[in-house]
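Student: Structure, please.
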Amino acid sequence: MGEQIRQAQLQTLKNIVDAVRETRSDFLVIAGDLFDSNAVSLDMARYVLDCFASLAPVPVYILPGNHDVLDSASIYHTITRLGRLPSNVTVLVEAAQEVTPCPGVAVFAAACTAKQGGDRPLRRLMSLASQSDAKYKLAVVHASVDVPGLSIDPLESLVSREDIESCPFHYIAMGHWHSRQVWSQGSIQALYPGTPETLGFGETPSPGTVTLVSLGDTLRIQEIPVGVYKWVKLTLDLSLMPDLDAVIQRVMQEAGDKTLLRLEFEGSLTGEADWAHDLDISRLEEEIARHFFYVEIDASRVAFHEPDPGEFAPNSVGRAFCEIMAERIAGTQDSAEKQLLEEALRRGVLYLSGKAVIRP
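Tutor: Alright, predicted model coming up:
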C-alpha cells in the first residue's frame with residue numbers, strides 16, 4: 001500500500017501543475033514541507049522541480065517548512081549548489097523576504113531556517129510589508145496558530161490571532177497543519193489549505209485540495225480538488241442500527257477503489273439476543289473490503305452484553321467453559337491476548353446459551 005500512496009503523491013503533483021494551467025493562475029506558492037524531510041533523494045527532488053519547470057514562465061515559490069527546514073543540510077542548498085533550480089522556481093530563503101510575481105502584487109515570506117520554539121514569522125514580515133506600496137499584499141508562513149490550551153510542540157513557530165488581525169496583508173497562506181482550517185480575523189483572510197494528498201484519517205478535506213485565491217475588489221477563495229485518495233472515518237452507533245444489512249448499506253455509501261475507510265463502532269448493547277452481539281468483525285471486514293482500497297474496523301468502544309456464568313447450571317458445560325476462560329484471562333499479561341480471550345468468552349456464552357448461532 002505504501003508504494004501506491006507514494007505514486008498517488010506524484011500524481012497529485014501533476015494534478016497541481018494541471019490546475020495552475022487550467023485556472024490560468026499567475027503564480028504558485030508552496031507554504032512549506034514540499035518534501036517530508038531533507039533526506040529526500042536527488043532523483044525525487046529533480047522530478048518535482050521538473051514538474052514545476054514545465055509551468056514556465058509562471059513563477060513558482062517554495063517556502064521551506066519544518067520538515068524540509070532551511071538548515072545546513074537543506075535539500076534546497078544542495079539543489080542550488082548543483083544548479084538544478086529551474087529559472088521560474090524561487091526558494092524563499094530569507095527570514096523576511098519580498099517577491100513580486102506580477103504587477104501590483106507582493107508576496108512576503110518567512111522561511112523556516114531552524115526549529116526554534118516561539119518564533120513569530122508573521123511579525124517579522126509586518127515592518128517589511130508596511131514599506132511596500134503594492135496594491136495586494138500576501139504573506140506566506142509555516143507555523144501553528146497560538147491557541148490557549150492547545151498542546152503545541154515547543155519547537156514550533158507560532159502565529160496569533162492578534163497577529164493576523166493587526167497585519168497589513170490581504171491574504172495569509174499558512175502551512176504546517178494538515179487539515180483545511182480558516183483563521184481569518186476581521187477583513188484579513190488567513191487559512192491552512194490542508195495537504196494536497198491526504199495521508200491520514202484525521203486530515204480534511206479528503207481527497208486533498210489546493211487553494212485558488214482570486215484578487216480583486218473582493219478577494220475570492222476557491223478549493224480545487226487535486227488529491228487521489230479519499231480517507232474516510234465513519235462512526236456508527238450499533239445500538240441505533242436495526243440490523244447488519246443497515247450497517248453494510250451505510251458503509252457502502254462511502255465505497256470506492258480510491259477510498260480508505262476506518263470504521264468505528266460504538267454503542268451500548270444490553271439486552272438479550274441483539275443482532276450485534278453476534279457480529280463477526282473479521283467477516284464483516286472481509287465482506288466490505290473488496291469495495292474499498294483499504295478497510296480497518298475498530299469495535300473497542302462497543303459495550304457488549306457482559307458474560308454471566310450464572311446463566312449456566314453448576315457442573316454444566318457452559319459453567320465449566322466460563323470458569324476455564326476466566327482463569328486464562330486472569331493468567332495472561334498480554335493485553336492483545338486478554339482482549340482476544342474476553343471476546344472468546346463473550347461469544348462462547350452467547351453460543352452456549354442459545355443467543356447466537358455458529359455460522360459456517
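Student: Please look at Leu341 and Gly331 and confirm they touch.
Tutor: No: assessed by Cβ atoms under 8 Å, Leu341 is found out of contact with Gly331, at 9.5 Å. (Each C-beta comes from the backbone N, C-alpha and C, glycine too.)
Student: Who has more neighbours out of the two?
Tutor: The residue with more neighbours, out of Leu341 and Gly331, is Leu341; 18 against 10, by other Cβ atoms under 10 Å.
Student: Secondary structure class of that one, three-state.
Tutor: State at Leu341, reduced to three classes by DSSP: H, G, I helix; E, B strand; the rest coil: helix.
Student: Pull the contacting residues for it.
Tutor: 325, 328-329, 332 (Cβ atoms under 8 Å, 6 or more residues apart in numbering).
Student: Identify, from the residues you listed, the entry nearest to Asp18.
Tutor: Lowest distance from Asp18 to the contacts of Leu341 (Cβ to Cβ) belongs to Thr332, with 55.2 Å.
Student: How about the closest one: what's its closest non-neighbour residue?
Tutor: Lys338 (5.2 Å; Cβ to Cβ, 6 or more residues apart in numbering).
Student: Could you do Leu279 as well?
Tutor: Excluding its sequence neighbours, the residue lying closest to Leu279 (Cβ to Cβ, 6+ apart) is Leu244, at 6.9 Å.
Student: Torsion angles phi and psi at the one you found?
Tutor: With angles defined as degrees, to the nearest 10, Leu244 sits at phi -60, psi -30.
Student: Verify the contact between it and Arg283 for me.
Tutor: No: between Leu244 and Arg283 there is no contact under Cβ under 8 Å: 9.8 Å.
Student: Of the two, which one has the most company?
Tutor: Neighbour count, other Cβ under 10 Å: between Leu244 and Arg283, Leu244 has more, with 17 against 11.
Student: Identify the residue nearest the geometric centre of the chain.
Tutor: In the chain, the residue lying closest to the centroid (Cα atoms, centre = their mean) is Glu203, at 2.6 Å.
Student: roughly how far apart are it and Glu197?
Tutor: Per Cβ to Cβ, to the nearest Å, Glu203 is found 10 Å from Glu197.
Student: And the helices in the stretch 101-250 of the chain, which stretches?
Tutor: Ranges of helices in the stretch 101-250 of the chain, per DSSP state H, counting those that start in this stretch, are 121-130, 161-166, 244-252.
Student: can you list these in TSV and add mean pLDDT and distance to Val232?
Tutor: Formatted as TSV, the helices of the stretch 101-250 of the chain follow (pLDDT from 0 to 100; distance: least, Cβ to Cβ, whole Å):
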stretch	mean pLDDT	distance to Val232
helix 121-130	93	34
helix 161-166	95	31
helix 244-252	92	10
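Student: Tabulate those in CSV, adding columns for distance to Pro57.
Tutor: Below are those laid out as CSV (distance: least, Cβ to Cβ, whole Å):
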stretch, distance to Pro57
helix 121-130, 26
helix 161-166, 32
helix 244-252, 48
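Student: winner for burial among those helices?
Tutor: Mean neighbour count, computed with mean count of other Cβ atoms under 10 Å, is highest for helix 121-130 among the helices of the stretch 101-250 of the chain, reaching a mean of 18.
Student: Can you name the residues in contact with that helix?
Tutor: Here helix 121-130 has contacts from 95-98, 106, 108-110, 112, 137, 139, 141-143, 157, 159, 163-164, 166-169, 172, using Cβ under 8 Å, 6+ apart.
Student: I'd assumed Leu345 was in contact with Ile329.
Tutor: Yes: between Ile329 and Leu345 a contact is recorded at 6.9 Å, counting by Cβ under 8 Å.
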